[in-house]
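1. here you go, sequence then predicted model.
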Amino acid sequence: MRISFIGLGVMGFPMAGHLAASDHQVTVYNRTRGRAERWTTHHRGRVAATPAEAAQGAQFVMTCVGADHDVREVAEGETGLLSRLEAGSIWIDHTTASAEIARTMDRAARARGAHFIDAPVSGGQSGAELGALTIMCGADEASFERADPVLACYGKKRVRIGEVGSGQLAKMVNQICIAGLLQGLSEGVHFAEQAGLDHDRVFEAIAEGAAGSWQMRNRAETMHARKFDYGFALDWMRKDLGLALDEARRNHAELPITALVDQYYGSLQRRGRGRDDSSTLLALLDATNSDLPDPS
């Protein structure tokens, strides 16, 4: 397949690499051209000067950028991918963004005779590097079926949630669940330490029981060691929770724990911890209780 991949961050770089390793013809674009050129030193493919050039002639166009405004930046205008998107092609957006921008880009793609899939991912950088991501898709059935073999290059689990926009809504559910898990895990680690328990033995005992989770298996040890300078930055987690809270105001969902954890992340951002892993919630429990934000 002729595929373009736009956005070579910590996720997009290895995702595009899996496409090239699967013998697809890959063209890449990144706002920092040096990163795109570095990609070609590791993988077979070519660099485009603009998103429009990348999209021209492509059967699939993948985007993986930061937020709604970044999607618009690479999509719209004379150099945007929409200006060259081929009729019959499929644009797959892996950005974690709003359901509204997904529906807007879907309408724009359809005006070109193309198709759109909102396809946010879960699994982090390690999942992208291993080609083991979970991909939540919003699309019509025919587009999803066409795209699924391509998505399988880096997605271990691909699920069509529903129509366009539903992939982004499912990712919001994912982040809501993670936020609550991380706060609970932070309190569990903190409690075990305060009680003088052997951390390793406690979490060996409970990790495979009803309390077990991916977060516990992958973050309990690093949290106990106070290692936070890696992983999924809490700046990005707070962005994602903001999307969920905005959507909840529209659909009248009640998210009290999510709102509280969002406040805790805000407190950490004000302390300069925005680039640390989202498990840095534990750092607030290391401080005095007076340092915690007022839940009200």
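-> Nice, I can see it.
2. how about whichever strand or helix holds Gly34 as PDB, C-alpha atoms only?
-> Assigned by DSSP states H and E, Gly34 belongs to helix 33-42. These are the backbone C-alpha positions of helix 33-42, laid out as PDB (Å, rounded to 0.1, in the frame of the first residue of the first chain):
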ATOM      1  CA  ARG A  33      12.100  17.900   9.200                       C
ATOM      2  CA  GLY A  34      15.200  16.600  10.900                       C
ATOM      3  CA  ARG A  35      13.200  14.000  12.800                       C
ATOM      4  CA  ALA A  36      11.600  12.800   9.500                       C
ATOM      5  CA  GLU A  37      15.100  12.500   7.900                       C
ATOM      6  CA  ARG A  38      16.300  10.600  11.000                       C
ATOM      7  CA  TRP A  39      13.300   8.200  10.500                       C
ATOM      8  CA  THR A  40      14.600   7.400   7.000                       C
ATOM      9  CA  THR A  41      18.000   6.400   8.400                       C
ATOM     10  CA  HIS A  42      16.200   3.600  10.300                       C
END
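3. use 760 as the first number for this chain going forward.
-> Sure, I'll start numbering at 760, so the last one becomes helix 792-801.
4. what lies in contact with the helix or strand that comes right after that helix?
-> Using DSSP H and E, the helix or strand that follows helix 792-801 towards the C-terminus is strand 805-806. Contacts to strand 805-806, defined as C-beta atoms under 8 Å, 6 or more residues apart in numbering, come from residues Val785, Thr786, Val787, Tyr788, Arg792, Ala795, Glu796, Trp798, Thr799. All C-beta atoms are positioned from the backbone trio N, CA, C, and that covers glycine.
5. which residues touch the nearest residue to Leu993 once chain neighbours are set aside?
-> What sits nearest to Leu993 in space, not counting adjacent residues and going by C-beta to C-beta, 6 or more residues apart in numbering, is Ser1037, at 4.8 Å. Neighbouring residues of Ser1037 by C-beta under 8 Å, 6+ apart: Ile937, Leu941, Gly990, Phe991, Ala992, Leu993, Trp995, Met996, Tyr1024.
6. the chain: strands as residue ranges?
-> For the chain, the strands defined by DSSP state E occupy 761-765, 784-788, 805-806, 819-822, 849-852, 874-877, 880-881, 892-897, 914-921.
7. and these as CSV, adding mean pLDDT?
-> Converted to CSV, the strands of the chain look like this (pLDDT from 0 to 100):
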stretch, mean pLDDT
strand 761-765, 98
strand 784-788, 98
strand 805-806, 98
strand 819-822, 98
strand 849-852, 98
strand 874-877, 98
strand 880-881, 97
strand 892-897, 98
strand 914-921, 98
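8. thinking again about what came up before, and the helix holding Gly793, what does it pack against?
-> helix 771-780, strand 784-788, strand 805-806 (3 or more C-beta pairs under 8 Å, 6 or more residues apart in numbering; DSSP states H and E).
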